[in-house]
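A.B. asks: Pasting the sequence and the predicted model now:
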Amino acid sequence: MTDTPPRRFGLFAVTAAVFALVGAGGGWWYANQRPAEPAVGDAQLEASLASAGISGKERAAIEGLVRNYILEHPEILPEAMEGLQAREAEARIAPMRGALETPFPGAVLGNPNGNVTLVEFTDFACGYCRQSVKALETLVAKNPDLRVVVRELPIIAPESAPAARMALAAAAQGKYPAYHKAMFEGARPSDASIAAAAGVAGLDLAVANAFAARPDVEDELKRNLEMARQLGINGTPAWIIGGRIVHGAVPPEELQSAIDQARKG
């Protein structure tokens, strides 16, 4: 009688079965609706399982166990999808990190030389962005090493764009934080509120208006829009910290947790 090495149905086999059942669409039902002929991914999976010494019959048994487990514990599906989304977000951020974390000169809150960078996509016409100002101020006060790169994303109202252009003009005069604060403390964007915020911030209005009309200012807004598109961001506020994307006006504790994680990384 020939000895055969023991077969291990460990993490690899179970993971393969889970992906076979769950699939890219988020559920075993979707996987079972595919055409009967094997896809390229199935062929690769079969080859990987065969190289691990797992037969088709054994694979079927494992898949049956995993399927039953998922049916009995459906709460794992949102957890799995959350993990998948997190990995996808990290993959999208990685090649863009340098550009994301390089601000338009002067468009920074917190410590300009901080070693932990939080990126915010914001719109002055966004009520949720307005709600997030206090939370952001709390984070800046609590984290002296925090550098907040603000990316103007004027997508909500026609008046958002001139407010964003004036913000970049304020950045050029070294007065971005004051203008940012004044805009969110004042009325919704309009010619009057933009001029009022510029006055509160102490801008040279003639110089600022000329700067706001420059092509490189428009290029910056287009660049921010393209970054948002690549990251799957379609609303404000949105936050990038480390490899994470956080959407919406979230509690400061959630952002603090992400900041702490990024600091460790």
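C.D. replies: Perfect, I can see it now.

A.B. asks: What sits closest to Asn145 if chain neighbours are left out?
C.D. replies: Let me fix one detail, which is that residue 145 is Asp and not Asn. Setting aside the residues directly before and after it, Asp145 is nearest to Gly114 in space (Cβ to Cβ, 6 or more residues apart in numbering), at 4.6 Å. Glycine gets a C-beta too; all of them are placed from N, C-alpha and C.

A.B. asks: Let's verify that neighbour: helix, strand, or coil?
C.D. replies: The local conformation at Gly114, judged by DSSP: H, G, I helix; E, B strand; the rest coil, is coil.

A.B. asks: Contacts only, for it.
C.D. replies: Going by Cβ atoms under 8 Å, 6 or more residues apart in numbering, Gly114 touches Asn143, Pro144, Asp145, Leu146, Arg147.

A.B. asks: top of these by neighbour count?
C.D. replies: Leu146 (24 neighbours; other Cβ atoms under 10 Å).

A.B. asks: Which strand residues bridge the closest residue to it other than its chain neighbours?
C.D. replies: Closest residue in space to Leu146, ignoring its immediate chain neighbours: Gly110 at 4.6 Å, by Cβ to Cβ, 6+ apart. Here Gly110 sits in beta bridges with Arg147, as judged by DSSP bridges.

A.B. asks: Quick check: pLDDT value at Gly110.
C.D. replies: Listed pLDDT for Gly110 reads 97.

A.B. asks: ok, now Lys264?
C.D. replies: Lys264 carries a pLDDT value of 86.

A.B. asks: residues near it, how many?
C.D. replies: Number of residues near Lys264 (other Cβ under 10 Å) recorded here: 7.

A.B. asks: my guess is Gly174 is in a strand, correct?
C.D. replies: No: secondary structure assignment (three-state DSSP) places Gly174 in coil, not in a strand.

A.B. asks: who are the neighbours in contact with the residue nearest to it when sequence neighbours are not counted?
C.D. replies: Nearest residue to Gly174, sequence neighbours excluded (Cβ to Cβ, 6+ apart): Gly106, at 5.9 Å. Residues in contact with Gly106 (Cβ under 8 Å, 6+ apart) are Ala170, Ala171, Ala172, Gln173, Gly174, Tyr176.

A.B. asks: name the helices or strands packed onto the host helix or strand of Arg130?
C.D. replies: Per DSSP states H and E: Arg130 is located in helix 127-142. Secondary-structure packing of helix 127-142 (3 or more Cβ pairs under 8 Å, 6 or more residues apart in numbering; DSSP states H and E): strand 108-110, strand 116-122, strand 146-152, helix 176-185, helix 252-264.
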